[in-house]
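*Asks:* the following block contains a protein sequence and its predicted model.
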Amino acid sequence: MPTWDYAPAPESTDIVSIRDTYGLFIGGEWVEPTSKHYSKTINPATEEVLAAVSVAGEQDVERAVEGARKAFGTWSAIRPADRAKYLFRIARVMQERARELAVLETMNGGKPIRESRDVDVPLAAAHFFYYAGWADKLEYAFPGRRAEPLGVAAQVIPWNFPLLMLAWKIAPALAAGNTVVLKPAETTPLTALMWATICEEVELPPGVVNIVTGAGATGAALVRHPDLDKVAFTGSTEVGKEIQRAIAGTKVHLTLELGGKAANIVFEDAALDQAVEGVVNGIFFNQGHVCCAGSRLLVQESVAERLLGKLKRRLGTLRLGDPLDKNTDIGAINSRAQLDKIKSLVDSGVDEGADMYQAPCELPAQGFWFPPTVFTGVSQSHRIATEEIFGPVLSVLTFRTPQEAIDKANNTPYGLSAGVWTEKGSRILWMADRLRAGVVWANTFNRFDPASAFGGYKESGFGREGGPQGLSSYLRLTEP
Amino acid sequence: MVQTAPSPLSGVVVEEAGGAVDAVGLEARAAALATRSIKRDSKLWALDLAIRCCDLTTLEGSDSPGKIAALASKALRPAPTDPSIPHVAALCIYPSLVPPAVDALSGTDVKVASVATAFPSGQAPLEARLEEVRYAVFAGADEVDIVISRGAFLAGGEVAVFEEVQASKEAAGAAHLKVILEIGELGSYDRIRRASLIAMSAGADFIKTSTGKIPQASSLPACLVMAEAIRDFSDATGRTVGLKVAGGIRSAKDAIRYLVIMHETLGPEWLTADLFRIGASSLLNDLLMQIDKQRTGNYSDPDRYTLD
């Protein structure tokens, strides 16, 4: 049999220049952390150190919030059309520097260049374009109500989509006239810091955006700061609950976008080959590091065997390896800690008696890797069916009737997203009415658009990002 | 009691494996596969394979024995001065030109393929179409490319199409039967899948996208949906069927994209001239030019490649 091994096709990293050391971006300037602490950030695919990044302490957070507060007066008072102009400029420069941002995102986070190039960066720029358009139209977005910015927003974002989450947070906040202090994730700060240079390039007024890097302690200091008007957090349900406790009883507005355990529901009349693609995209996109990942596959018993046959064959064609290679489908796990967590949950699945199938693939010696994994024979009571794994691990369950699919899909503490695969339009609507999830995709999965609101039910959080709804999270709406 | 005869299609794979196709998902997958970046050795390998899978084609009213002789020598030695370049799979021509093609190619490994069944429209009486198949085989064609009756298929005459392909297979005897679906006239991917399964169930050795005679020719999503149908048919029956893409494929880049779809859908087993063909005329010279580019780093003068 002929073999056709694709030659390596790595994206060049020459375009990216990474500084040895990064200070904090506060009040429009790069400042040393008063803590004098730095931590190393690495490339998870090679474990190579990329840069030393400041660890912001309480005093640094204080300076950042002060900077944002100072800038709020002018930023909220300038003509809305001028605010839009800055956001449009940011969006354009992000497009101009798209390749640079994509390569750095892949180096620092481990995601395949195909995804950062085709999904993360274009979508991030699209969010700025979208909200730039709203900046001078707030009164039309919420007819009959007066829209005022809240003030200073503290924003804490996760490591799975570093630049995209930055865009989801900062674009609506700025469009609405707020100023922000953003804390990127500990393992993936570099694109946010590169993005800060775009703020400089477009001459965004100092203090409108402040970026403080660090780990959990920095985030905790930030969200507890007394002079905030708004906290927006995307991350784990555990930390989300902590934040909610910390700011309970204060005037601070809060939105949380937390974990998920989404069901991808495939009916017997679905277009099976495309459903398989959707299932693969649902759970293996970004190594499964997606809060809305379709980590549970609910398949109708009558087609379960055929679908699983197709799915396993498809797993065999996924290409795992160098994230910078343009042909890579599955990149590196973001950190050793996350790899350990995935491994321990997968072990629990094996212990609890589910059948494990892993795609035959060679894992690189350096870096953090986990092969695409499918569990069959999973019950609702297994840990792998209930806990968020946040890795390339799919749990397959079966159902017999639409009602049973609904019951099983909703039987989770989460409610971020769901997918329905059927050729029958009326069933899609019937299902969407009954699924308790913020997003229900029909015959597709993991599709995002800046104009479409995203957010959760139950322990997946509250508040919406994207669309006019995302704008309202950063506004005080009153009677005129 | 009224007895209704069972449909000839009941019980065959077309009924069991006939599934829906989601156009959006299919096109997204084809577009994603088209972004595969094939470089260096793997590109040379693909270019060489593409030549070996070429059905070098001329289907013009002006075709003459002289033209066929010229093309036959191109088929045997696409690059006369470079012995490392393989011969193509077949020469594809009209039935009346089979004799000169056989004269030129007998004793070589290049097959003679003839179109038949009132190509490209198929709008002739069945008996006349079958007679054309018999003539082509009698004259020495190794392979026959027939068209399905799109008119009958679109009017719901699936059984008629099934029976016509069966009859053509019988008429073709030992010759390889390639069945052209003319995907540009079928209107949806569901129908392309269904026509694929009907043709395979009726005995097609190959299913083929297009005649190349209408504006909407071969496409990557159509190739993908046909490859998926071949895979399902093979799973259900154990019989492997080939795929030929034809019409509008002019660049080496496009040819490689089709190879990627075959590779990642059907697997390496299908990467041979026995199971994959590309209908080509101007494509062949681009393949030769790209091979030289890969080897030397530079493009050669187009006049270094023969026009036949």
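*Replies:* Great, that's in hand.
*Asks:* centre of the chain to stretch A:468-480, how far?
*Replies:* 23 Å (CA atoms, centre = their mean, to the nearest Å).
*Asks:* pull out the buried positions in the helix or strand residue A:218 falls within.
*Replies:* Taking DSSP states H and E as the criterion, residue A:218 maps to helix A:216-223. Under the neighbour-count criterion of 16 or more other CB atoms under 10 Å in any protein chain shown, helix A:216-223 has A:218-223 buried. Every C-beta, even on glycine, is put in place using the N, C-alpha and C of the backbone.
*Asks:* show me where pLDDT drops low in chain A?
*Replies:* Counting by pLDDT under 70, chain A has low-confidence residues at A:1.
*Asks:* coming back round to it: quickly run through the sheet partners of the next helix or strand after the helix holding residue A:218, with directions.
*Replies:* Where DSSP H and E defines the elements, the next helix or strand beyond helix A:216-223 is strand A:230-234. Its sheet considered, strand A:230-234 pairs with strand A:152-156 (parallel), strand A:253-257 (parallel) by DSSP bridges.
*Asks:* could you point out which element follows the first one?
*Replies:* It stands for strand A:152-156. Past strand A:152-156, heading to the C-terminal end, the next element that is a helix or strand (DSSP H and E) is helix A:162-175.
*Asks:* and that following helix, what does it pack against?
*Replies:* Using 3 or more CB pairs under 8 Å, 6 or more residues apart in numbering or on different chains; DSSP states H and E as the contact criterion, the secondary-structure elements in contact with helix A:162-175 are helix A:80-96, helix A:98-109, helix A:121-134, strand A:152-156, strand A:179-183, helix A:190-201, strand A:230-234, helix A:467-472.
*Asks:* so does the second one get close to chain B?
*Replies:* This points to helix A:98-109. No - looking at helix A:98-109 against chain B by CB under 8 Å from any CB of the partner chain, there are no contacts, and the closest approach is 13.6 Å.
*Asks:* ok, and the closest non-adjacent residue to the residue of the stretch 301-450 of chain A found nearest chain B?
*Replies:* Scanning the stretch 301-450 of chain A for proximity to chain B using CB to the nearest CB identifies residue A:326 as nearest, at 4.0 Å. Of all residues beyond its chain neighbours, the one nearest residue A:326 is residue B:37 (4.0 Å), with distances taken as CB to CB, 6 or more residues apart in numbering or on different chains.
*Asks:* OK, contacts around that neighbour?
*Replies:* Each residue near residue B:37 by CB atoms under 8 Å, 6 or more residues apart in numbering or on different chains is listed here: A:6, A:9, A:326-327.
*Asks:* wait, which of those is closest to residue B:171?
*Replies:* Within the set of those, residue A:6 lies nearest residue B:171; the separation is 42.3 Å, counting by CB to CB.
*Asks:* pick out the residue nearest the middle of the chain.
*Replies:* Picked chain A for this. Centroid-nearest residue in chain A, with CA atoms, centre = their mean: residue A:161, separated by 4.2 Å.
*Asks:* meant chain B actually
*Replies:* By CA atoms, centre = their mean, the mean C-alpha position of chain B lies nearest to residue B:244, the distance being 2.4 Å.
*Asks:* tell me what the strand or helix carrying that residue is packed against?
*Replies:* Assigning secondary structure by DSSP H and E places residue B:244 in strand B:242-245. Using 3+ CB pairs under 8 Å, 6+ apart as the contact test, the elements touching strand B:242-245 are strand B:206-208, helix B:220-237, strand B:276-280.
*Asks:* check contacts around residue A:474.
*Replies:* Taking CB under 8 Å, 6+ apart as the test, what residue A:474 contacts is A:149-150, A:153, A:172-173, A:175-176, A:178, A:230.
*Asks:* for the residues you listed, which one is nearest chain B?
*Replies:* Of all the contacts of residue A:474, residue A:172 has the smallest distance to chain B: 28.0 Å, by CB to the nearest CB.
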